[in-house]
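**Student:** What follows is a predicted protein model with its sequence.
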Number of protein chains: 2
Amino acid sequence: MPHVKTQTIDFDRPLTTVDIVIFTVSEETLRVLLVRRPVGEGEPFPGRWALPGGFIDTAKDADLESCARRKLTEKTGVDVPYLEQLGSYGNAIRDPRGWSATHVYFALMGLDDVELAAGGNASELRWAPVHADITGEALAFDHAEILAAALTRLRSKVEYTSLPAFLMPVEFTLTELQRTYEVILGRELEKKAFRTRVLAADLLDTVPRMQVGANRPAQLYRLRDTRKAHVFARPFGSADAPNAAGMRR
Amino acid sequence: MPHVKTQTIDFDRPLTTVDIVIFTVSEETLRVLLVRRPVGEGEPFPGRWALPGGFIDTAKDADLESCARRKLTEKTGVDVPYLEQLGSYGNAIRDPRGWSATHVYFALMGLDDVELAAGGNASELRWAPVHADITGEALAFDHAEILAAALTRLRSKVEYTSLPAFLMPVEFTLTELQRTYEVILGRELEKKAFRTRVLAADLLDTVPRMQVGANRPAQLYRLRDTRKAHVFARPFGSADAPNAAGMRR
DNA sequence: TGGGTTAGTGGGAAAGGCCCACTTAGTAAT
DNA sequence: ATTACTAAGTGGGCCTTTCCCACTAACCCA
């Protein structure tokens, strides 16, 4: 089966794709972007929901990350504020077309500035709420497993970083930010401790304007450095047990 | 340029490899395993030092991780106690043979139980000390960059996990473990705080034997669970500044 | 003007790390 | 033997940070 080309490359090359897990928060719910698999001859998992992604185009993509950005822009029409690599998944059976490996990226964005489906058919795109078991949704390929890993990573990092700030609109109040933390972590945080820490970290710029509503107006903030997450010295407290994390997967 | 085979797979497939960054500590020095690139017609970077790794064999390897384990066993002859994925690196230029992507694994092992070069020519294998800039060594491919990322990951995780325990021989004293932490972190830790934390974490089993030497004998310990690292609630203190880590790479 | 609701703060108790100094237990040398 | 030396291991106070609860502040609405 190895079709010899040159001396050095006499191995079958696995199929190579890039997939993106992109999260946002809206209506107090964590959501992930899914796309519907095309229906057609030879298409695997036709009509099923899947993570956005696809084959690397060795002619167009200079590297893995720009491939991920290209695919994201094709779907959402925006440049995501946060993108990091999640990991890669490869084995003989995940794609019926053959041995395949996917490079998975992990992205966060606020929902205020996105015109979804900018480049696609709206009915084929969906911000799916991440409930207890979105795994029960039977996503295409091994995307349920990948999504679970992304969720674990998100929750883990939210414990001790400012990642949720990338899920917010440009301007937000401290209470709204705290709510986002709480939605992701699934538990409540202490108001005082939260405020003290976040403000002490010097992450936010005060906007000279207040958010008005039915109650006392709240100070508006915006992220100072939109490129880097902040790492807190300690995780946010008020939790139950310390977690034991070992080798991934 | 895409040579059409079927409707679904009309993209050039990148070259796909797996590489491993494996660390150990000996003589109070952090070391990484390197192999010498073969010399031959069409071989890239002939004679240069590189991370162990190679092409995926779609016939032999069920998945990425078993490919990594296979290659490690071929080199060191042992089963490593700790293995996690580091990430993947792919672009058009890292391999002169074409667009290539590598899946990188990150491994730790103690040096007491390894018979290096079990499966290879000894002169072609080397535990290279990780000095300030091993990057100056001009490793093959983009392996210097990958090694730097692995080092960052190692240092970062050592701040708040029990990873260094996987770099120790089977039995060791608390002071020796602390020395390993210090070697990796490049700074000294407080003896009392270190002991209190490690013992409270209940990671270690007491060996009913003491290590004798020129001074007061020290209690010997061994790792209780050799499969999982422990995550401490807080990082080891006595440092300088909190670090700001953002998107990887 | 008073009720309701959310924003934001004060302050003390409690927990746990940090750090220094002390004791302990062995070898080696006089 | 006695003494010096060195590394193992401990006692205990200081200090930071969280935790928790209650209080004040500011606005809308009826």
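**Tutor:** Arrived safely, thanks for sending.
**Student:** pLDDT-wise, which helix or strand of chain A ranks last?
**Tutor:** In chain A, the helix or strand scored least confidently by mean pLDDT, DSSP states H and E is strand A:204-211, which has a mean of 84.
**Student:** Pairing partners for the helix or strand following it, with directions?
**Tutor:** Next helix or strand after strand A:204-211 toward the C-terminus (DSSP states H and E): strand A:218-223. Sheet pairing of strand A:218-223 (DSSP bridges) gives strand A:171-173 (antiparallel), strand A:204-211 (antiparallel).
**Student:** Tell me which of these is the most buried.
**Tutor:** strand A:171-173 (a mean of 19; mean count of other CB atoms under 10 Å in any protein chain shown). Placement of C-beta: from N, CA and C, glycine included.
**Student:** Can you name every helix or strand that the biggest strand by length in chain A contacts?
**Tutor:** Once chain A is assigned using DSSP state E, the strand that runs over the most residues is strand A:15-26. Contacts defined by 3 or more CB pairs under 8 Å, 6 or more residues apart in numbering or on different chains; DSSP states H and E place strand A:15-26 against strand A:29-36, strand A:53-55, helix A:64-76, strand A:100-108, helix A:143-158, helix A:174-185.
**Student:** quick revisit: possible to save the strands paired with strand A:218-223 as a markdown table with distance to A:Pro44?
**Tutor:** A markdown table is the format used below for the strands paired with strand A:218-223 (distance: least, CB to CB, whole Å):
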| stretch | distance to A:Pro44 |
| --- | --- |
| strand A:171-173 | 40 |
| strand A:204-211 | 45 |
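**Student:** For chain A, which residues are neighbours of DNA strand D?
**Tutor:** Within reach of DNA strand D by CB under 7 Å from any atom of the strand, chain A has these residues: A:190-193, A:196-197, A:210, A:212-217, A:234, A:236-238.
**Student:** interface residues of chain A facing DNA strand C?
**Tutor:** A:173-175, A:191-192, A:195, A:214-219.
**Student:** Drop anything exposed from those.
**Tutor:** A:173-174 (16 or more other CB atoms under 10 Å in any protein chain shown).
**Student:** Between all of the residues of chain A next to DNA strand C, which two are at the greatest distance?
**Tutor:** A:Lys192 and A:Ala214 (23.4 Å; CB to CB).
**Student:** what's the burial count for the residue lying closest to A:Phe232 once chain neighbours are set aside?
**Tutor:** Among residues not flanking A:Phe232 along the chain, A:Tyr160 sits closest, at 5.0 Å (CB to CB, 6 or more residues apart in numbering or on different chains). Under the neighbour criterion other CB atoms under 10 Å in any protein chain shown, A:Tyr160 is assigned a count of 18.
**Student:** residues touching A:Tyr160, list them.
**Tutor:** A:231-232, A:234-236 (CB atoms under 8 Å, 6 or more residues apart in numbering or on different chains).
**Student:** Can you tell me which of the residues you listed comes closest to B:Ala149?
**Tutor:** The closest of those to B:Ala149 turns out to be A:Val231 (CB to CB; 16.8 Å).
**Student:** related to what we said a few turns ago, okay, the helices and strands packed on strand A:15-26 in CSV with distance to chain B and mean pLDDT next?
**Tutor:** Output for the helices and strands packed on strand A:15-26, formatted as CSV (distance: least, CB to the nearest CB, whole Å; pLDDT from 0 to 100):
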stretch, distance to chain B, mean pLDDT
strand A:29-36, 16, 92
strand A:53-55, 4, 93
helix A:64-76, 4, 91
strand A:100-108, 5, 97
helix A:143-158, 9, 94
helix A:174-185, 15, 92
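**Student:** looking at the ones you listed, which is buried most?
**Tutor:** Sorting these by mean neighbours (by mean count of other CB under 10 Å), the first place falls to strand A:100-108, with a mean of 25.
**Student:** between it and helix B:64-76, how many degrees?
**Tutor:** Relative orientation of strand A:100-108 versus helix B:64-76 (axes from the mean of the first three to the mean of the last three CA atoms, to 10 degrees): 110 degrees.
**Student:** pLDDT weak spots in chain A?
**Tutor:** A:1-11, A:113-123, A:132-137, A:237-249 (pLDDT under 70).
**Student:** Nearest residue to the middle of it?
**Tutor:** Against the mean C-alpha coordinate of chain A, by CA atoms, centre = their mean, the closest residue is A:Ile22 at 3.0 Å.
**Student:** how does chain A divide into domains?
**Tutor:** A:15-157, A:163-223 (automatic domain parsing).
**Student:** got the end-to-end distance for the first one?
**Tutor:** Okay, so that is domain A:15-157. 31 Å (CA to CA, to the nearest Å).
**Student:** I'd like the distance from it to the chain centre, please.
**Tutor:** Its chain's C-alpha centre and that of domain A:15-157 lie 8 Å apart, by CA atoms, centre = their mean, to the nearest Å.
**Student:** isn't A:Glu145 right next to A:Tyr89, touching?
**Tutor:** Yes - with contact defined as CB atoms under 8 Å, A:Glu145 counts as touching A:Tyr89 (7.4 Å).
**Student:** returning to that earlier point: which one of the contacts of A:Tyr160 sits closest to A:Glu84?
**Tutor:** Using CB to CB, these come closest to A:Glu84 at A:Val231, 13.1 Å.
**Student:** which non-adjacent residue is nearest A:Met109?
**Tutor:** Nearest to A:Met109 is A:Val80, by CB to CB, 6+ apart, at 4.9 Å.
**Student:** any idea how far the one you found is from chain B?
**Tutor:** 10 Å (CB to the nearest CB, to the nearest Å).
**Student:** Spit out the contact partners of A:Leu72.
**Tutor:** Contacts of A:Leu72 by CB under 8 Å, 6+ apart are A:20, A:22, A:52, A:78, A:80, A:83, A:107.
**Student:** whoops, A:Ala150 was the one
**Tutor:** A:Ala150 neighbours (CB under 8 Å, 6+ apart): A:21, A:23, A:32, A:86, A:104, A:106.
**Student:** how does it look with 6 Å?
**Tutor:** A:21, A:86, A:106 (CB atoms under 6 Å, 6 or more residues apart in numbering or on different chains).
**Student:** For the last one, name its beta-bridge partners.
**Tutor:** Beta-bridge pairing of A:Phe106, defined through DSSP bridges, involves A:Val21, A:Glu84.
**Student:** hang on, the earlier thing: the residue nearest to the centre of chain A reaches A:Leu34, doesn't it?
**Tutor:** No - with contacts counted by CB atoms under 6 Å, A:Ile22 stays clear of A:Leu34, the gap being 9.7 Å.
**Student:** quick one on the thing from earlier: quick one: which of the contacts of A:Tyr160 is the most crowded by neighbours?
**Tutor:** Busiest of the contacts of A:Tyr160 [other CB under 10 Å] is A:Phe236, holding 21 neighbours.
**Student:** which residues does that residue contact?
**Tutor:** A:159, A:189.
**Student:** and it, that's in a helix?
**Tutor:** No - counting by DSSP: H, G, I helix; E, B strand; the rest coil, A:Phe236 is not part of a helix but coil.
**Student:** And it, how far from B:Leu108?
**Tutor:** As judged by CB to CB, to the nearest Å, A:Phe236 and B:Leu108 stand 29 Å apart.
**Student:** Please apply the same query to A:Thr173.
**Tutor:** In terms of CB to CB, A:Thr173 sits 44 Å off from B:Leu108.
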